[in-house]
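**Q** Provided below are the primary sequence and the corresponding predicted coordinates.
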Amino acid sequence: MSEIKCEYCGKGFSSVYSLSKHKKTASYCIEIQRTQFHLEPEVNIYTCEYCGTVSTTKGNHAAHLGFCKVKKEREHAIEFNKMKDELDTLRKQYELQTIQLVQREKDIETLRLLADEKERQIAEKERHLNLCIAEKNEEIRQLKEQIHSKDIYIQQTPHTTIYQTNNTNHKYEFNFQTVFDKLSPFTDENVKERVGSILPRNLIESNDYNVILNFCSNFGRKLADMVILTDKSRGLIFIKNKDGEKEKHQVKGFVNKCLVLSYPECLQLFTLTRNLLESYSIRDSIMPEDEARCYGDLTILREYLNTQTLDKTIRMISSVVTENCVYVSKLLPGSVEQKMIEEVTE
Ligand SMILES: [Zn+2]
Ligand SMILES: [Zn+2]
């Protein structure tokens, strides 16, 4: 059997194929080829990148890689480092989250304190508001009571006092115009008619047979529905003239005009009163001295009227007029207020 020898290492082979395979795969031969013959073999050299082990076939190399301890150690080290890094990252995340959690708990505590404070403030405000409401309700109650007593007072007081108010929604609102609209106009006929309606009996049958006083009282009362008093202390009045227009007067001037206008009616009243005094029916029930005084008063009145020296009489009539007419005032007088308080407490 002919043997073919390897020209590098001298090993014998039975076929060219075997030799060829040997030259390409036997690592000791390849080493000889390199070192002694300075050849770069056409074989593929597989060097382990981890430990430097050389393999001449792909299969050997792959098998080696499966067993290479250095490779495994390195891979383990990489894996270990990777896991260590992950662990570090997780730890850092954990620490960060712990810090955040603590901060959040602090924030929550702060918010809770704030909420408590707000709640306390709201409760305080609510308490305060309730107090205010209670106070206002009490005020409303008192005002209603006042309105009620004023209502009663207005109804029960013989001479009407109207208080003007700016509150147009007010139930008790009266204004000057509505009062003025109801006024009897100041005309000759109206004045004469009123004096004519005074009965002689009204002058002598009451009040101590004081004819002057009774005349003033009756005369004043008759004229009161023609007058609105606006200024008590100065005796300023408004009347409605025959054209329905407003006129401002002094109450004394107004009374004087009425006396002058109704002079004939006054004289007639005095005559009728004298006749009544002389009649039997009255003579039986009146004392002689009272009768004498009545005659005296009638004479004085007639004299006053004739000579226009009625100052004292005019003053008396004026005071009756202003006490019985409608008084329109923007202010509630202290005395009225006091009277209402007394009425409420009674
Ligand atoms: Zn060889
Ligand atoms: Zn290796």
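**A** Structure received. Ligands and ions are numbered 1, 2, ... in the order given.
**Q** Tell me where this protein is predicted with low confidence.
**A** 1-2, 41-43, 153-175, 206-208, 280-284, 308-309, 329-346 (pLDDT under 70).
**Q** Ligand 1 contacts on that one?
**A** When proximity is defined as CB under 5 Å from the ion, the chain approaches ligand 1 at 6, 8-9, 29. Every C-beta, even on glycine, is put in place using the N, C-alpha and C of the backbone.
**Q** now with 8 Å?
**A** 6-11, 22-23, 26, 28-29, 32-33 (CB under 8 Å from the ion).
**Q** State the pair within the residues you listed that is farthest apart.
**A** Comparing all pairs in those by CB to CB, the longest separation belongs to Glu7 and Tyr28, at 14.6 Å.
**Q** Show me what the helix or strand that contains Asp116 is packed up against.
**A** For Asp116, the host element (DSSP states H and E) is helix 69-156. In terms of contacts (3 or more CB pairs under 8 Å, 6 or more residues apart in numbering; DSSP states H and E), helix 69-156 is packed against helix 334-345.
**Q** Show residues contacting stretch 19-29.
**A** 4, 6, 8-9, 11, 13, 30, 33, 41-43, 54-57 (CB atoms under 8 Å, 6 or more residues apart in numbering).
**Q** Would you pull up the residue in the stretch 51-200 of the chain closest to ligand 1?
**A** Thr56 (12.2 Å; CB to the ion).
**Q** Would you check that that residue makes contact with Gln33?
**A** No: applying CB atoms under 8 Å as the test, Thr56 and Gln33 come out as separate, 11.5 Å apart.
**Q** With neighbour numbers in mind, choose between the two.
**A** Neighbour comparison, Thr56 and Gln33: the larger count goes to Gln33, with 21 against 18 (by other CB atoms under 10 Å).
**Q** wouldn't that one be in contact with Tyr8 here?
**A** Yes: using CB under 8 Å, Gln33 makes contact with Tyr8 at a distance of 5.2 Å.
**Q** Excluding residues flanking it in the chain, which one is nearest Ile239?
**A** Phe186 (4.3 Å; CB to CB, 6 or more residues apart in numbering).
**Q** Please identify the helix or strand for that neighbour.
**A** Using DSSP H and E, Phe186 maps to neither a helix nor a strand.
**Q** my read: it touches Ile228, true?
**A** No: in this structure Phe186 lies outside contact range of Ile228 using CB under 8 Å: 11.3 Å.
**Q** Give me the common contacts of these two.
**A** In contact with both Phe186 and Ile228: Ile239, using CB under 8 Å, 6+ apart.
**Q** Next, find the distance separating Leu96 from Val102.
**A** 11 Å (CB to CB, to the nearest Å).
**Q** Kindly report the same for Val251.
**A** Distance from Val251 to Val102, by CB to CB: 91 Å.
**Q** Among those two, which residue is more densely surrounded?
**A** Val251 (26 against 10).
**Q** show me the contacts for the more buried one.
**A** 227, 229, 235-237, 318, 321-322.
**Q** What about ligand 2: which of those residues touch it?
**A** Applying CB under 8 Å from the ion to the contacts of Val251, none is adjacent to ligand 2.
**Q** Which of these are buried? Put it as a ChimeraX command.
**A** Typed into ChimeraX, the line below selects the buried ones among the contacts of Val251, using 16 or more other CB atoms under 10 Å:
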select :227,229,235,237,318,321,322
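**Q** Return the residues of this structure in contact with ligand 2.
**A** 48-53, 64-65, 67-71.
**Q** Mind doing that once more with 5 Å?
**A** 48, 50-51, 53, 68.
**Q** Could you identify the most distant pair in those residues?
**A** That would be Tyr50 and Thr53, which, of these, are the farthest apart (CB to CB) at 8.3 Å.
**Q** what residues do the two have in common as contacts?
**A** The overlap between the contact sets of Tyr50 and Thr53 (CB under 8 Å, 6+ apart) consists of Cys68.
**Q** before we move on, the earlier item: the residues of the chain next to ligand 2 in strands, which ones?
**A** Within the residues of the chain next to ligand 2, no residue falls in strands by DSSP state E.
**Q** which of those residues lies closest to Lys106?
**A** Distance to Lys106 across those (CB to CB) is lowest for Tyr50, with 53.4 Å.
**Q** Enumerate every residue touching the closest one.
**A** So Tyr50 contacts 68, 70-71, 74 (CB under 8 Å, 6+ apart).
**Q** give me the number of residues near Lys242?
**A** Neighbours of Lys242 (other CB under 10 Å): 11.
**Q** quick one, strands of the stretch 151-300 of the chain?
**A** Taking DSSP state E, counting those that start in this stretch as the test, the strands found in the stretch 151-300 of the chain are 161-163, 227-231, 236-240, 246-250.
**Q** so how far is Leu259 from the nearest residue to Arg221 once chain neighbours are set aside?
**A** Nearest residue to Arg221, sequence neighbours excluded (CB to CB, 6+ apart): Asn324, at 5.3 Å. The span separating Asn324 from Leu259 equals 17 Å under the rule CB to CB.
**Q** Got phi/psi on the residue nearest to Arg221?
**A** phi -110, psi -10 (degrees, to the nearest 10).
**Q** That one against Ala224, yeah?
**A** Yes: contact between Asn324 and Ala224 holds when scored by CB under 8 Å: they sit 3.7 Å apart.
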